[in-house]
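Novice: Pasted the sequence and its predicted model underneath.
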Amino acid sequence: MSTNSAVATAVRDLDVDVVAAYPITPQTTVMEKIAEYIANGELLAEMIHVESEHSALSAAMGAAAVGARAFTATASQGLELMHEILHIVSGLRLPVVMSVAMRALSAPLSIWNDQSDVMNARDAGWVIYFAHSAQETYDTIIQAYRVAEDPDVLLPVMVAYDGFVMSHTIEPVAVEGREAVLSYAPKRQFPYKLDPDKPVSIGTVADPDWYYEFKYQQVQAMKKALEKAREADAEFARRFGRGYGVMECYMCEDAEALIMANASYAASLKAILPEARKEGYRVGLLRLRLYRPFPMEEFLSHASNASSLLVMDRAISYGAPYQGPLANEVAAIKVKEDLPFNLVNVVAGIGQRTMGNEDFKALIRLAWEARSRKYPETIFYGVRE
């Protein structure tokens, strides 16, 4: 199945109660497949057809507030139109799960892939995963509900994957079925739900004496989310035989240089790195799976002994010291922890500019050369200047 179908199948197996969405490429087939499951009686859920993505997340928010298991999906401009509601859902501590088939932002209009949309949402208080295969996306949607609904977390979760490159690509996917999935991720009662028989107020005004404390509670919940994400993945591996960790290091054992990548680029590098090793390039892949909260412990354990680290970005942080958002964060960690590696930032694939095997091989060579050479400026790989 495609990655979009894998998302829909996970929603079916999780017995989600309420689904709300507005169609936007390349997310639309997620909702088409969910609608098919509902029509066939395979999922007993309320499908809410709304007039915009702003309303889609608002509807999911309302459903979660009364204790329903809620889901939505979007991409690109849809995620931007949701942006106001992203902060409200996380601030209200509602465990909504959303899939994002990442896509470039307008203008100029592009329906193709990069990661600008999710990078704009990185500070909205959502737990954020990147998946690099259809199988992992199915598994991560399931893990996302276990993390989101944990009473020590109660935060929304975003599961992101590359639009078209993954969303419409068909791969073998093992599915577990509802009984097994609900045994792993059982529905939990939301402790503060709206209930006419037990009235509460949610989202009222917080004056300066209290607002700061609510935000700090989100900080603490995000710390808990890291611990719970590790536990959720370990338990998933025990039950189903597939585990990913929160950060994966591929061919890292004797690597002198590392490349940090995520989603489909990580999958491409996994296919190419073994050949590069035969040519003498001892380069490993540091795959970022859990982005928020950032897995600092795992990052330090893998990156501390590297001579160079090439960070691949598929979004632009305009005017920043490094113009890739991930590289800016890694640069901050490098200074804070006094790490010795040479950092090189490569922005690539903007608007789904083609990256072939030879391009990935060139970046492997660049990561290798960076052991003894510094690159203070962001490299915009493949752009015509």
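Specialist: Cool, got the structure.

Novice: Quick check: residue 381 touching residue 345?
Specialist: No. If you go by C-beta atoms under 8 Å, residue 381 and residue 345 don't touch, sitting 10.1 Å apart. For every residue, glycine as well, the C-beta is placed using N, CA and C.

Novice: The two: who's more crowded?
Specialist: residue 345 (28 against 17; other C-beta atoms under 10 Å).

Novice: nearest residue to the more buried one other than its sequence neighbours?
Specialist: Sequence neighbours aside, residue 327 is the residue nearest to residue 345 in space, at 3.5 Å (criterion: C-beta to C-beta, 6 or more residues apart in numbering).

Novice: Quickly list what the residue minimising distance to the centre of the chain is bridged to.
Specialist: Per C-alpha atoms, centre = their mean, the C-alpha nearest to the average position across the chain is that of residue 129, at 2.7 Å. Using DSSP bridges, the bridge partners assigned to residue 129 are residue 159, residue 290.

Novice: Relative to residue 362, how far out is residue 290?
Specialist: 28 Å (C-beta to C-beta, to the nearest Å).

Novice: which of those two has more neighbours?
Specialist: Comparing residue 290 with residue 362 by neighbour count (other C-beta under 10 Å), the higher total belongs to residue 290, at 24 against 15.

Novice: those strands in this protein, which residues are they?
Specialist: Ranges of strands within the chain are 18-21, 46-49, 70-74, 97-102, 127-130, 157-162, 247-250, 257-261, 283-288, 290-292, 308-313, 342-347, 379-380, based on DSSP state E.

Novice: which strands and helices sit next to the second one?
Specialist: The contact analysis (3 or more C-beta pairs under 8 Å, 6 or more residues apart in numbering; DSSP states H and E) places strand 46-49 against strand 18-21, helix 28-39, helix 53-65.

Novice: do the fifth one as well
Specialist: Judged by 3+ C-beta pairs under 8 Å, 6+ apart, the packing partners of strand 127-130 are helix 134-148, strand 157-162, helix 211-240, strand 290-292.

Novice: Any idea how far the longest one is from the middle of the chain?
Specialist: If I follow you right, that is helix 211-240. In terms of C-alpha atoms, centre = their mean, to the nearest Å, the centre of helix 211-240 is found 14 Å from the chain centre.

Novice: Mean pLDDT and distance to residue 4 added to the strands of the chain, as TSV?
Specialist: Listed next are the strands of the chain as TSV, based on pLDDT from 0 to 100; distance: least, C-beta to C-beta, whole Å:
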stretch	mean pLDDT	distance to residue 4
strand 18-21	96	12
strand 46-49	97	16
strand 70-74	98	8
strand 97-102	98	7
strand 127-130	99	16
strand 157-162	98	9
strand 247-250	98	23
strand 257-261	98	22
strand 283-288	98	21
strand 290-292	98	21
strand 308-313	98	24
strand 342-347	98	26
strand 379-380	98	30
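
Novice: Columns distance to residue 1 on top of those strands, output as a markdown table?
Specialist: Below are these laid out as a markdown table (distance: least, C-beta to C-beta, whole Å):
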| stretch | distance to residue 1 |
| --- | --- |
| strand 18-21 | 18 |
| strand 46-49 | 20 |
| strand 70-74 | 15 |
| strand 97-102 | 14 |
| strand 127-130 | 19 |
| strand 157-162 | 13 |
| strand 247-250 | 23 |
| strand 257-261 | 24 |
| strand 283-288 | 22 |
| strand 290-292 | 24 |
| strand 308-313 | 27 |
| strand 342-347 | 32 |
| strand 379-380 | 35 |
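
Novice: and residue 38, how many neighbours?
Specialist: 16.

Novice: separation between it and residue 278?
Specialist: From residue 38 over to residue 278 (counting by C-beta to C-beta), the distance is 50 Å.

Novice: again with residue 234
Specialist: 33 Å.
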